[in-house]
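Chemist: coordinates for the following, if possible.
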Amino acid sequence: EIMPSLVGSEMCIRDRCIDGDLIRMLRAGCLLLRKIIKTTIRVSHMKKYIKQVQSNHLTSKLMQPAKILVPLLCLSAPMSNALAADIFVAQNGDDQDVGTITTPLASIQAALNKAQAGDTIYLREGRYYEAVNFTGQNGNSGSPITITAYNNEEAVIDGSESLADLDGNTWTTLTSNPNIYKTTINKDVWQLWVDERMQIVARWPNYDPTTGHPTEAMQLKANKIDPKDKSWWDMSGTWGHMTSTLDEQDNNNGTHTLTSDSYYQDLAGENVSFAGGSIILNYHSETQFSRKITRHDIGSNFITHEGVNDPHDKSKGHFLVEAKGALDMPGEWYYDKDTGEVWLWPEDNQNPTGKNIRGKTQSYAIDLSGSAFITIKGLQFFGTTVKCVKGFECDNIVLEDNQFLYPSWFRRMLGEHYISEGSAGAGTEVGATILKGSNYRIENNEWAYSDGYIDMLKAQGTSNSAPPANNRVINNLFHHWSFTGCLLYTSPSPRD
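Modeler: Residues are numbered from 1 along each chain as shown. As a prediction, the model looks like this:
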């Protein structure tokens, strides 16, 4: 005869309502009571007790929830549906609090640790920097665990930190070039923003900044098809051209050497060494990857880099260099992992002290690995993304109405380069959005300004596991994105 239902953050039984705080107290009592019952009283005896309580005491004792409601609610099924709760997280919260709208928690992880199937975690307005682990957390069919913004407030999952908070408070000029400022920080960064505008990793060849910033709209020629010469999108004009690469002698010692075609760009004329930097290789195919530059002499058109396993189109294509020695124009920057120094040539040529300068210090804010029936909705991700890795595939994950800005940027600047065991391009580099598993629904999201892609392929090296199934990517906007937007396993099922 008891008819529990949720109304907002209250639970109502007939005409009597219990507020959200008491709901959580009841649930905590339920969990404790269940453990006691399992170890001290046989369930069959408890059921008899429940029936006796229902017949003898319900009418007269309804106003004594400690005696009647707790055992009834604890043993009724499913408890998660009857006691689904709203859990609140806010910038001014405290993880020792209950998690109501008036006494919110401080971290998403603390809220998740409390959450059960059917619960909704509401994030109040603000920026949240943390690594949330979903291990062991699952909703169920019809009752997912949901993380969303409260009342359309702007909740940002942030993978960046202020350089001022990393001891980078003061900037001084270089003696060798007064246009370049430097500061020293206590934590690695591999992407940089000044007032939320992405700065360019020091690169060769340069692009012409008067043709537009890479996060702005592409500027086209009069034919409305081709990008303007020397613009960010003009690969022929702003990337190096290979004339030869991968000679057999190099293969024997684990390195490869390429020759830059001086007809297009004069690498030798730079009179600087790019050794120790990164080279991004594009061999006229869909695969693009990076390697450490192991040798480049001043005045040379030859670059030797770490080896590549069985690359496609290995004798032709384009390349791009990222190195401290390439920092030579406004808007460029570089981080030296060995010294902890950040070098920056500000776009406005002014001392950057006091500006909002943030660095990427995180690849993944949310690790969904091994979870099921989770919904993430209506959030903004800045400088970070989500993952579910092979071996811990996910099931029934929903990403809906989110905005992913700068979700992926590979850690080349830290000397990290993905080298697959098989042919070039096999596997996924750390930093990409990795979503292994089945029954995903990725709908109505914006994905923008990414160095990486979304990997939903069958996991490499898992031939005995079931392939992904019933994954749907619906009505998403991709712009200013990697060459490959989303790698989606489609066999034997077609794309949605």
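Chemist: show the average pLDDT along the helix or strand that residue 122 is a member of.
Modeler: Using DSSP states H and E, residue 122 sits in strand 120-123. The average of the pLDDT scores along strand 120-123 is 98.
Chemist: that strand packs against which elements?
Modeler: strand 86-89, helix 108-114, strand 145-149 (3 or more C-beta pairs under 8 Å, 6 or more residues apart in numbering; DSSP states H and E). Heads up, the C-betas are built off the backbone N, CA and C, glycines and all.
Chemist: redo these as CSV? Include distance to residue 186 and mean neighbour count.
Modeler: As requested, the helices and strands packed on strand 120-123 are arranged in CSV below (distance: least, C-beta to C-beta, whole Å; neighbours: other C-beta atoms under 10 Å):
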stretch, distance to residue 186, mean neighbour count
strand 86-89, 27, 24
helix 108-114, 24, 20
strand 145-149, 31, 23
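Chemist: and the ones you listed: which comes nearest residue 95?
Modeler: helix 108-114 (4.1 Å; C-beta to C-beta).
Chemist: ok, residues contacting the closest one?
Modeler: The contact list for helix 108-114 (C-beta atoms under 8 Å, 6 or more residues apart in numbering) reads 87-89, 95, 99, 105, 121, 123, 128, 130, 132-134, 137, 145, 147.
Chemist: of those residues, just say which sits nearest to residue 227.
Modeler: Closest to residue 227, out of all of the contacts of helix 108-114 and judged by C-beta to C-beta, is residue 128, at 37.0 Å.
Chemist: which residue comes closest to the closest one once chain neighbours are left out?
Modeler: residue 157 (5.5 Å; C-beta to C-beta, 6 or more residues apart in numbering).
Chemist: pretty sure residue 231 contacts residue 219?
Modeler: Yes. Using C-beta atoms under 8 Å, residue 231 makes contact with residue 219 at a distance of 5.7 Å.
Chemist: so these two - more neighbours on which side?
Modeler: Counted by other C-beta atoms under 10 Å, residue 231 and residue 219 do not tie: residue 231 has more neighbours, with 21 against 14.
Chemist: what's the spacing between that one and residue 262?
Modeler: According to C-beta to C-beta, to the nearest Å, residue 231 and residue 262 sit 22 Å apart.
Chemist: which residues in the stretch 301-450 of the chain form helices?
Modeler: Taking DSSP state H, counting those that start in this stretch as the criterion, the stretch 301-450 of the chain carries no helices.
Chemist: bridging residues for the closest residue to residue 288 other than its chain neighbours?
Modeler: Closest residue to residue 288 apart from its sequence neighbours, by C-beta to C-beta, 6+ apart: residue 282 at 4.7 Å. Legend: beta-bridge partners of residue 282 under DSSP bridges are residue 288, residue 318.
Chemist: how about residue 282, what does it touch?
Modeler: 239, 288, 317, 318, 319.
Chemist: which ones are touching the fourth one?
Modeler: The neighbourhood of residue 318, defined by C-beta under 8 Å, 6+ apart, consists of 235, 236, 239, 240, 241, 242, 282, 284.
Chemist: give me the pLDDT for the first one.
Modeler: We have a pLDDT of 89 for residue 235.
Chemist: repeat for the one 5 residues further on
Modeler: Per-residue pLDDT puts residue 240 at 94.
Chemist: touching, it and residue 262? I think so.
Modeler: No. The criterion here is C-beta under 8 Å, and residue 240 misses it with residue 262 at 9.9 Å.
Chemist: for these two, indicate the residue with more neighbours.
Modeler: residue 240 (24 against 14).
Chemist: list the contacts of that one.
Modeler: 204, 205, 260, 261, 264, 265, 267, 318, 319, 320, 321.
Chemist: so the fifth one: helix, strand or coil?
Modeler: Same thing as residue 264. coil (DSSP: H, G, I helix; E, B strand; the rest coil).
Chemist: ok, it - contacts?
Modeler: 236, 237, 240, 241.
Chemist: distance check, it against residue 239.
Modeler: Taking C-beta to C-beta, one finds residue 264 at 9 Å from residue 239.
Chemist: cool, and the third one?
Modeler: For residue 260, the distance to residue 239 under the criterion C-beta to C-beta works out to 10 Å.
Chemist: intersection of neighbour lists for the two?
Modeler: With C-beta under 8 Å, 6+ apart as the test, residue 260 and residue 239 both reach residue 319.
Chemist: tell me how many other residues crowd residue 273.
Modeler: 16.
Chemist: and for residue 235, nearest residue in space, chain neighbours not counted?
Modeler: Among residues not flanking residue 235 along the chain, residue 318 sits closest, at 6.0 Å (C-beta to C-beta, 6+ apart).
Chemist: quick check: end-to-end length of stretch 126-141?
Modeler: Start and end residues of stretch 126-141 are separated by 31 Å (C-alpha to C-alpha, to the nearest Å).
Chemist: and it, what's buried?
Modeler: Of the residues in stretch 126-141, 128, 129, 130, 132, 133, 134, 137, 138, 139, 140 count as buried by neighbour count, 16 or more other C-beta atoms under 10 Å.
Chemist: buried set for stretch 331-346?
Modeler: 331, 332, 333, 334, 335, 340, 341, 342, 343, 344, 345, 346.
Chemist: any idea of the mean pLDDT in that stretch?
Modeler: Stretch 331-346 comes out at a mean pLDDT of 98.
Chemist: what's the most distant pair in the buried residues of stretch 331-346?
Modeler: 331 and 340 (22.1 Å).
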